[in-house]
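Participant: Here's my sequence, what's the structure:
(one chain, ligands or ions: 1)
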Amino acid sequence: MVKGLLPFYLFIFLPFNTLAGDPARSALPLGSSKNYEVVPLPQSIVMQKGEPFILEAGVEILATANLQQEAAFLQQYLKEITWNDLPIVQKRVKKVRYIELAVSPNVKEAEGYILTVNQKGVTIQGGSAAGVFYGIQTLRKAVKEGVIMNPVIITDAPRFTWRGMHLDCSRHFFSTDFVKKFIDLLALHNMNRFHWHLTDDQGWRIEIKKWPKLISVGSQRTGTIIGTNSDIDDGIPYGGYYSQDEAREIVAYAAARHITVIPEIDMPGHMLAALASYPELGCTSGPYQVGHYWGVYKDVLCVSNERVYQFVEDVLTEIMDIFPSEVIHIGGDETPTDKWQQCPKCQALNATFGKPTGQSEEFSPLTSRLSPLQAHFTKRVFDFLTAHHRRALGWDEILDGSPLDAMIMSWRGTEPGAKAAETGHDVVMTPTTFCYFDYQQVEDTQFEPSRCGGFIPIEKVYSLDPAPDSLSTAAREHILGAQANLWSEYMTNEAMVEYQALPRMSALSEVQWTKPERKDYEAFKERLTRLTEFFELYHYQYAKHLWPDRQMPSRWQF
Ligand SMILES: [Zn+2]
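Facilitator: Coordinates of the predicted model:
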């Protein structure tokens, strides 16, 4: 008996879903497009006449040398779903039926693909290897619906080039194994940017060899406030960090899945862990301790101190060495000016600008002016990155006073992003009103694990249009895409991260990928119900409010 063959013979006689115990979806009529209506929904699905293709023993994966990695993913996915190990070959022989992968000039968009199914075989033509990869994702989800595949031509390409998910690994630390599992979720949803929030007041999580105390001191806190900033400290030491080798491993893992890792070093605020490690970087020289509570701290980098710029440049030099991403996130949010106003050196520097110090801690999106001191700091960091052929990306606070080349991440609603796009900045939309997945997903929160305040149901996420018609054509072209953020103050473990992400991430994927005229929330819910089979298959914890007959995770599971 050849290992793996027996289950496959069963598939010849039984549609896959009969085996999966769901007879309702086992017999799709010929001509039905249901199999191919996956999440995110492809732009065009045109059913064809003819006999179906049956994915059975004897089918092989045909791929050119430059697509061996993609072929290996397809092989692995089909093995997980159908238990069968299809061979990968590079040369065609007569009478064998293939799933053929190719990069083709027929596909204009780099991330686009054309997926064709007929009785003789399946072909996925991509505009690049990434396009082939997204075609494989669609095929994988269609096969989950049944190994009898009706003839079809799917023509697909994403609406946006920036399809991101963020994960805060500072407030709580997540293992490299979990970060990989999280990246797998991005791949399942055709996402291509992983925004990795690596530093904050409550913990510095990335090894920097020139400044070793960032890890020996900054990655550890001596306790954490219980609940929503109560007065009670649990007194339990908490810490963790990624070595540079581990970070490189994550970069490679993501790259294989056509995902770019965007590292974020948040500055000049949210720097308490760095100040605790090197007190001379603050206006008062400390002493400081790594943050125990959540929110905004008044201690920030002393932007008049040349040693601070040495620190920032050393950190960014090592970050650029680990992360090949052109775009580097430099934070820039929530930076109070209190300490600068009391610091003689910062005041002397500010006097040279001839403007008041400013109140950047007033977080009103359109009225607050960036402090001239923060603008000065941001400009120097921006210039350093530009000199090294990288682009700075920052939270929307940096909009005032930033060069046009700076990319803006719009979080205080969509208005700052719209304003930035109208003035010529490239923008990623990640508004708190649609994209903060640490917020609650239902109104009745008594059984919810997270304690974060806002309310963003999945339907609201689905309704986001990052580049609405109300913007000018020129502005819409500057909106690169959308992203959701997972801040981890109240997500203490991995199951909670998954629960907050799923299934809202699936709704976001159609915001990012599918053209607005193709979107339909009711039809999406049907597609989503089928997609949840993958959440089950890979053991992701997910919120089940949309399926009252499914058992919700109980509190102890968090
Ligand atoms: Zn200062």
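Participant: F524 should be in a helix, yeah?
Facilitator: Yes. F524 forms part of a helix when assessed by DSSP: H, G, I helix; E, B strand; the rest coil.
Participant: Check the spacing between it and F160 real quick.
Facilitator: 17 Å (CB to CB, to the nearest Å). Placement of C-beta: from N, CA and C, glycine included.
Participant: These two - which one has more neighbours?
Facilitator: F524 (23 against 20; other CB atoms under 10 Å).
Participant: List the residues that contact that one.
Facilitator: By CB atoms under 8 Å, 6 or more residues apart in numbering, F524 lies in contact with V39, L41, Y462, A507, E510.
Participant: repeat for N35
Facilitator: L28, A142, E145, G146, M149, N150.
Participant: Could you do T423 as well?
Facilitator: Counted by CB under 8 Å, 6+ apart, T423 has contacts L404.
Participant: I'd like the distance between it and P468.
Facilitator: From T423 to P468 the distance is 17 Å (CB to CB).
Participant: and of the contacts of F524, the nearest to the ion?
Facilitator: Using CB to the ion, A507 is the member of those that lies nearest the ion, at 44.0 Å.
Participant: From the contact counts, what lies against whichever helix or strand that closest one is part of?
Facilitator: Assigned by DSSP states H and E, A507 falls within helix 504-513. For helix 504-513, the packing partners by 3 or more CB pairs under 8 Å, 6 or more residues apart in numbering; DSSP states H and E come out as strand 162-168, helix 458-462, strand 479-484, helix 521-537.
Participant: and that helix, how far out from the chain's middle?
Facilitator: Computed by CA atoms, centre = their mean, to the nearest Å, the chain-centroid distance of helix 504-513 equals 11 Å.
Participant: again with stretch 131-140
Facilitator: 18 Å.
Participant: Show residues contacting it.
Facilitator: Outside stretch 131-140, the residues touching it (CB under 8 Å, 6+ apart) are 36, 38, 42, 67, 70, 73-74, 77-78, 81, 99, 101-103, 107, 109-115, 122, 124-126, 154, 156-158, 187-188, 190, 257-258.
Participant: let's see 7 Å
Facilitator: 38, 42, 67, 70, 73-74, 77, 101, 103, 107, 110-113, 115, 122, 124, 126, 154, 156, 187-188, 190, 258 (CB atoms under 7 Å, 6 or more residues apart in numbering).
Participant: Smallest distance to the ion belongs to which residue of the stretch 101-250 of the chain?
Facilitator: Closest point on the stretch 101-250 of the chain to the ion, by CB to the ion, is D201, at 17.6 Å.
Participant: Just give me the residue closest to the centre of the protein.
Facilitator: M165 (1.7 Å; CA atoms, centre = their mean).
Participant: My read is that that one contacts A484, right?
Facilitator: Yes. Counting by CB atoms under 7 Å, M165 does reach A484; the two are 5.8 Å apart.
Participant: I99 in helix, strand or coil?
Facilitator: Classified using three-state DSSP, I99 is strand.
Participant: That one: neighbour count?
Facilitator: 25.
Participant: residues contacting it?
Facilitator: V59, I61, L74, G121, V122.
Participant: How much space separates the closest residue to L502 other than its chain neighbours from the ion?
Facilitator: Distances taken as CB to CB, 6 or more residues apart in numbering place Y542 nearest to L502, at 3.6 Å, with adjacent residues excluded. Look at Y542 and the ion: by CB to the ion, to the nearest Å, they are 46 Å apart.
Participant: Distance check, Y542 against Y462.
Facilitator: On the measure of CB to CB, Y542 and Y462 end up 16 Å apart.
Participant: In terms of neighbours, single out the busier of these two.
Facilitator: Y542 (24 against 20).
Participant: Measure how buried the residue of the stretch 151-300 of the chain found nearest the ion is and give me the count.
Facilitator: Among the residues of the stretch 151-300 of the chain, C283 lies nearest to the ion; the distance is 3.4 Å by CB to the ion. By other CB under 10 Å, 23 other residues sit near C283.
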